[in-house]
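> Return a 3D structure for these sequence lines:
(2 chains)
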Amino acid sequence: MTDFSRLGVAAIRDGVANGEFKAVEVAEALNTRVAAAKALNAFIVETPEMAVAAAQAVDADRAAGKPLGKMAGVPIGMKDLFCTEGVQTTAASHMLEGFVPTYESTVSANLWKAGAGMLGKLNLDQFAMGSSNETSYFGNVISPWRRNDGGNAALAPGGSSGGSSSAIAARLCPAATGTDTGGSIRQPAAFVGISGIKPTYGRCSRWGIVAFASSLDQAGPMARDVRDCAIMLEAMAGFDPKDPTSLDLPVPAWEAGLNSDLKGKRIGIPREYRLDGIDEDIAKMWDNGIAWLKDAGAEIVDISLPHTKYALPAYYIIAPAEASSNLARFDGVRFGLRDLPEGAGLQDMYAATRAAGFGEEVRRRIMIGTYVLSAGFYDAYYTQAQKVRALIARDFENAWASCDLILAPTTPSAAFGLGEKNADPLSMYLNDVFAVPASLAGLPAMSVPGGLDKQGLPLGLQIIGKALDEQAVLNAGLAIEERSGFTAEAGEWW
Amino acid sequence: MSVDKDTVNKIARLSRIAISDAEADKMVGELNGILAWVEQLGEVDVTGVEPMTAVISNKLRLRDDVVTDGDVRDKVLANAPAKEGSFFGVPKVIE
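As a prediction, the model looks like this:
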């Protein structure tokens, strides 16, 4: 009998289309795996009946000879940041506990239209603010990976899309949605040895996604290989008049365009990413990546992105500023939590509600954002950060004169243990040092597995492309995938 | 620039987030740590650089000035923590 947990998006889609198995068989098998993996805490809500219903509809369409969608019969996990009609959507916060949207996000609606089904809503860092999934109100997500030291230390699955990364690596689902504001698709993908792509800003509609930092937020797919990412991105992307920053462009046929022959492509290696004291396993993986891309026919060139070191501090002004504005909507009046102390007036109700409903990291970021936008400080912090952001984008523009793609590590280290980095917010922020520049510039960027470190933990290679050139990013990802021989997976301890 | 406890309390008030005295004390150190770190942006020469407004150039679209949605009162009220009839309920604001 087929072990459906071993099949990816393409294999499930093709197997269903060819009649090798029924979509319902896949949905039921994965529902069982999800239900048996509670120890990972990857899901906030499980929706087995929805996975089965979507599969039955696909099986019925196939029996009736109707055309099937790009994701027909593929059960997926949905990050709990996407509003799903009739299914609780929390952004992993107490603020939205019990919130049941009366509408569907555009990206999730696109996926259901393509024939995908929903296994459940995936845990994440609260309001997508975090890099380890430790800020969720619904508890930490645990990575399926463990170090090879014989210890059982619980490791971070990365964040904010940590439920997505953990569930895919544990083969609870072949793919899941993620969102990336400053690395939230790429960093968790790297930590668990899977692939994930953040497309160009504007490719995927933000409508119905709980907003964090609107000029940075972008949805994308996470899956176990590059082809599966290409298929799912095609299903997710597309113009949406409901999002004013949505790009009115046709969705390219990324899967059909996959080609790992990189002859004629120039790959830039940014010297500023080779930090002093870089982890030696990371440096070695990066060198391997360079060799693989050369082997695929690409030319390697040294490039400079001189403002790299300022990306993270600029991000930690811009993202909290936008968050403080976006999260002003949580007022205890229209939806979500209300905390009304005895005898309190409206202002006290706002303050009590927001103190009770937001977790510590969310409150911290709202306060930083409020401060940098406040009278007297706006120019010194916010305007300066937006100018630096323009320079970071210009760095990439200049680099494209001598290269077509950029190769760098996704993270400065392998996954860390839960609790190891949350004493000091800054040490957690620094984990996104390689991911944030592409976010600030709105560029497509992908993480693919690059190997294991000395502790036996996965490391990710990041490919950054020109705006709208997801195809080149995916192709370079495929070239790496074909050469890295990455087949390691987490042992099933849960 | 660094913040003191009065400033932290003021930011909390502007943010409409209630904080205790102990939380304000803790927040002074945390915010100062983060602010000291972002201060390095001041080193960057930004002469003649316009602040970024759109990351991917995109023209803001206009649509016809017609009603395209509405008539969803019950949906809008569905998640209200305290609705009163067809209204959002709030504590008394006028004495």
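
> quick one: the strands in the stretch 301-450 of chain A?
If DSSP state E, counting those that start in this stretch is used as the criterion, the strands of the stretch 301-450 of chain A fall at A:405-409, A:445-452.

> Figure out which of those is closest to chain B.
With Cβ to the nearest Cβ, the closest approach to chain B among the strands of the stretch 301-450 of chain A belongs to strand A:445-452: 13.1 Å. Yep, even glycine has a C-beta here, placed from its N, CA and C like the rest.

> contacting residues around that closest one?
Strand A:445-452 is contacted from outside by A:185-187, A:189-190, A:193-198, A:226, A:229, A:281, A:284-286, A:288-289, A:409-410, A:435, A:438-439, A:458-465, A:473-474, A:477, A:480-481, A:484, A:486, A:488, using Cβ atoms under 8 Å, 6 or more residues apart in numbering or on different chains.

> Just the angle for the helix or strand following that strand relative to strand A:405-409, thanks.
Toward the C-terminal end, the helix or strand that comes next after strand A:445-452 (DSSP states H and E) is strand A:458-465. Angular relation of strand A:458-465 and strand A:405-409 on a 0 to 180 degree scale: 160 degrees, by axes from the mean of the first three to the mean of the last three Cα atoms, to 10 degrees.

> Contacts only, for residue 30.
Since you didn't name a chain, this refers to chain A. By Cβ under 8 Å, 6+ apart, residue A:30 lies in contact with A:4, A:5, A:51, A:75, A:119, A:172, A:173.

> My question was about chain B, not that one.
Residues in contact with residue B:30 (Cβ under 8 Å, 6+ apart) are A:364, A:425.

> Name the helix or strand for residue A:52, please.
Taking DSSP H and E as the criterion, residue A:52 maps to helix A:48-63.

> what is the mean pLDDT for that helix?
Averaged across helix A:48-63, pLDDT comes to 98.

> if we look at the helix or strand that it is followed by, which residues are touching it?
Later in the chain than helix A:48-63, the nearest helix or strand by DSSP H and E is strand A:75-79. For strand A:75-79, contacts defined as Cβ under 8 Å, 6+ apart pick out A:12, A:26-27, A:30-31, A:42-43, A:51, A:54-55, A:84, A:108, A:111, A:116-122, A:124, A:161, A:163-164, A:167-168, A:172-179, A:232.

> any idea how far the one residue sitting closest to the centre of chain B lies from chain A?
When Cα atoms, centre = their mean is applied to chain B, the residue found nearest the centroid is residue B:15 (7.0 Å). According to Cβ to the nearest Cβ, to the nearest Å, residue B:15 and chain A sit 5 Å apart.

> Next: residue B:83.
Residue B:83 sits 10 Å away from chain A, going by Cβ to the nearest Cβ.

> any idea of the pLDDT on that residue?
94.

> burial count for the residue nearest to it when sequence neighbours are not counted?
The shortest distance from residue B:83 to any non-neighbouring residue, by Cβ to Cβ, 6 or more residues apart in numbering or on different chains, is to residue B:77 (5.0 Å). Per other Cβ atoms under 10 Å in any protein chain shown, the neighbour tally for residue B:77 reads 17.

> same thing with residue A:231?
Burial of residue A:231 is recorded as 24 neighbouring residues (other Cβ under 10 Å).

> In this structure the residue nearest to the centre of chain B contacts residue A:323, no?
No: counting by Cβ atoms under 8 Å, residue B:15 stays clear of residue A:323, with 10.7 Å between them.

> Next, show the common contact partners of those two.
With Cβ under 8 Å, 6+ apart, residue B:15 and residue A:323 have common neighbours residue A:366.

> returning to that earlier point: and the helix holding residue A:52, how far from the chain's centre?
Counting by Cα atoms, centre = their mean, to the nearest Å, helix A:48-63 is centred 27 Å from the centre of its parent chain.

> Stretch A:398-412 now?
20 Å.

> host element of the residue of the stretch 51-200 of chain A found nearest chain B?
Chain B sits closest to residue A:102 of the stretch 51-200 of chain A, with a gap of 4.0 Å, by Cβ to the nearest Cβ. Here residue A:102 is covered by no helix or strand, with elements defined by DSSP H and E.

> pLDDT score assigned to it?
On pLDDT, residue A:102 comes in at 97.

> Same question for the one 4 residues further on.
In the predicted model, residue A:106 carries a pLDDT score of 98.

> Provide a list of residues in contact with it.
Applying Cβ under 8 Å, 6+ apart to residue A:106 gives the contacts A:205, A:207, A:208, A:240, A:242, A:243.

> Leaving out sequence neighbours, find the closest residue to it.
residue A:205 (3.8 Å).

> Who are the contact partners of the one you found?
A:105, A:106, A:107, A:219, A:238, A:239, A:240, A:242, A:243, A:246.

> now, which of these lie within helices?
Using DSSP state H, A:106, A:107 are the members of those that sit in helices.

> Buried subset of the contacts of residue A:205, written for PyMOL?
With 16 or more other Cβ atoms under 10 Å in any protein chain shown as the criterion, this PyMOL line picks the buried residues out of the contacts of residue A:205:
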select buried, chain A and resi 105+106+107+219+238+240+243+246
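
> buried stuff in the helix holding residue A:52?
Neighbour counts over helix A:48-63 (16+ other Cβ under 10 Å) mark A:48, A:50, A:51, A:52, A:54, A:55, A:57, A:58, A:59, A:61, A:62 as buried.

> Same check on stretch A:410-420?
Here stretch A:410-420 shows A:410, A:411, A:412, A:413, A:414, A:415, A:416, A:418 as buried, counting by 16+ other Cβ under 10 Å.

> quick one: the helices in chain B?
B:5-15, B:21-38, B:73-77.

> Pick the most deeply packed of those helices.
Mean neighbour count (mean count of other Cβ atoms under 10 Å in any protein chain shown) peaks for helix B:5-15 among the helices of chain B, with a mean of 18.

> angle of it against helix B:21-38?
Going by the same axes, to 10 degrees, helix B:5-15 makes 90 degrees with helix B:21-38.

> ok, residues contacting helix B:5-15?
A:324, A:351, A:354, A:363, A:366-367, A:370-371, A:374, B:3, B:18-19, B:24-25, B:27-28, B:31.

> Quick one, which of those are buried?
A:324, A:351, A:354, A:363, A:366-367, A:370-371, A:374, B:3, B:18-19, B:24, B:27-28, B:31.

> measure the nearest residue to residue A:455 once chain neighbours are set aside to residue A:483 for me?
Among residues not flanking residue A:455 along the chain, residue A:147 sits closest, at 4.3 Å (Cβ to Cβ, 6+ apart). The spacing between residue A:147 and residue A:483, counted by Cβ to Cβ, to the nearest Å, is 26 Å.

> follow-up on the earlier one: so which of the contacts of strand A:445-452 sit within helices?
Reading helices off those with DSSP H, I get A:186-187, A:189-190, A:226, A:229, A:281, A:284-286, A:288-289, A:438-439, A:473-474, A:477, A:480-481, A:484.

> Type out the PyMOL command that picks the buried ones from those.
Selection of buried members from the ones in helices among the contacts of strand A:445-452 for PyMOL, criterion 16+ other Cβ under 10 Å:
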select buried, chain A and resi 186+187+189+190+226+229+281+285+286+288+289+438+439+473+474+477+480+481+484
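
> Of the ones in helices among the contacts of strand A:445-452, which are in range of chain B?
With the criterion set as Cβ under 8 Å from any Cβ of the partner chain, no member of those is near chain B.

> Contact partners for residue B:24?
Contacts for residue B:24 were tallied using Cβ under 8 Å, 6+ apart; they are B:5, B:8, B:9, B:12.
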